[in-house]
Structures are given as C-alpha cells and as structure tokens.
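A.B. asks: predicted model follows, preceded by the sequence.
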Amino acid sequence: MKRYWELFYVFFKIGAFTFGGGYAMLPLIQNAVVDKKKWLDDKEFIDMLAIAQSMPGPIALNTAIFVGNKHKGVKGSLFTSLGIILPSFVTILLLVIVFTQFRENAVVESVFKGIRPAVVALIFAPLLRMGKNADITWQTLWIPITVALIVGLLHVSPILIIVLAISLGILYRMVIKKVINR
C-alpha cells in the first residue's frame, strides 16, 4: 500500500505546485518519474508523451494514468489520477468561492499576467530535452517547426497531422522493407 501512496504523493505535489496546465507539468513529471524515481527512462517518457498527447483528455492526467499503470497497474493509475486531479479540483473550488469577490482587483489581474511568461518558459524547457531525446537534429528540425506552423497558422487539426505522420511512417517502413528484402 505504501507504493500506491508514493504514486499519489508524487503526482499530488506536481498537481499542487504547477501553474499553467498540463504542459507546464511535464518538466516536473519528467524530473520526478525519470530523474528521481527512475520509474521510466527518457525513451519511455517520450513514447508515453506521444501516447498521452494523442489520447483524449488532459495530457497531465493521461501521463499520470500511464505512469501509474506501468508502475502498479490499474490501482496505480487510480492513485496517480487522484493525485494529479485533486489539487486542481480543490484550488478551482476555492478560487470560484474567493475570486468572485476579487474579480476586478488590479493586483490579482497583475499576478496572473506575471505568471504567463513563466508558464511559457516551463513549457519550452522540456521541449528542448524531448527534442534531444527524440533524436531531433539540425537536419530534422524542420519537421517539428513545419508542423507547428501548419497547426498554428493554417489551423490544420493536430489529429490530422498525427494520422498523416502515422500513415507516412508505415508507408516509409514498408518501402524500406521492400528495398532491403530485394
């Protein structure tokens, strides 16, 4: 039972002390489950992120479910899920109660504006690490940049990009196997 509470506690801390949503939680999750606890290695973490991002729902919750399941099965998933969700649930509940009184307060508005740049930095930091672990090189850097531009500027659905990437990967693999088998 101690292991389950350890899973809960790790994800509860991440959920309680991260501002900015799921992507801002990724560096903390990576630090906890890869660097400190060694529940996943870097490659597993990147693979898990690809799965978590392609599944419906918040990426932090999907990540927690994956880690909990890998480490302690379905029961582990329940503990990690509760750990990552509970702080946000309690915080939102308290904010709704308190925020309605201070909605127009300039100080509160300034605090939230000040947090935004920090959140951007927290999202960018794991991108660099994931890029290195995913074998992104200067020769392949154009791929994620092109995809980001297509999604951001042309408003193409990320789901379409993922399906297209999977299809091209399968096609590429089939062509390579045919060439090698000749």
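C.D. replies: Arrived safely, thanks for sending.
A.B. asks: what mean pLDDT does the strand or helix carrying L160 get?
C.D. replies: Taking DSSP states H and E as the definition, L160 sits inside helix 158-181. For helix 158-181, mean pLDDT rounds to 84.
A.B. asks: contacting residues around N133?
C.D. replies: For N133, the contacting residues are D42, K43, F45, I46, by Cβ atoms under 8 Å, 6 or more residues apart in numbering. C-betas here are computed from N, CA, C, even on glycine.
A.B. asks: distance check, it against G169.
C.D. replies: Distance from N133 to G169, counting by Cβ to Cβ, to the nearest Å: 18 Å.
A.B. asks: buried ones in the helix-or-strand element of the chain with minimal mean pLDDT?
C.D. replies: Taking mean pLDDT, DSSP states H and E as the measure, the helix or strand of the chain with the lowest value is helix 106-133, at a mean of 79. Neighbour-count burial for helix 106-133 flags L122, I123, P126, R129, M130, N133 (criterion: 16 or more other Cβ atoms under 10 Å).
A.B. asks: show me this structure divided up by domain.
C.D. replies: The record's domain parsing of the chain by automatic domain parsing lists 2-135, 137-182.
A.B. asks: give me the number of residues near L7?
C.D. replies: Under the neighbour criterion other Cβ atoms under 10 Å, L7 is assigned a count of 26.
A.B. asks: with W39 instead?
C.D. replies: 19.
A.B. asks: so what's the nearest residue to it once chain neighbours are set aside up against?
C.D. replies: What sits nearest to W39 in space, not counting adjacent residues and going by Cβ to Cβ, 6 or more residues apart in numbering, is V33, at 4.6 Å. By Cβ under 8 Å, 6+ apart, the contact set of V33 is V10, W39, L40, F45, V67.
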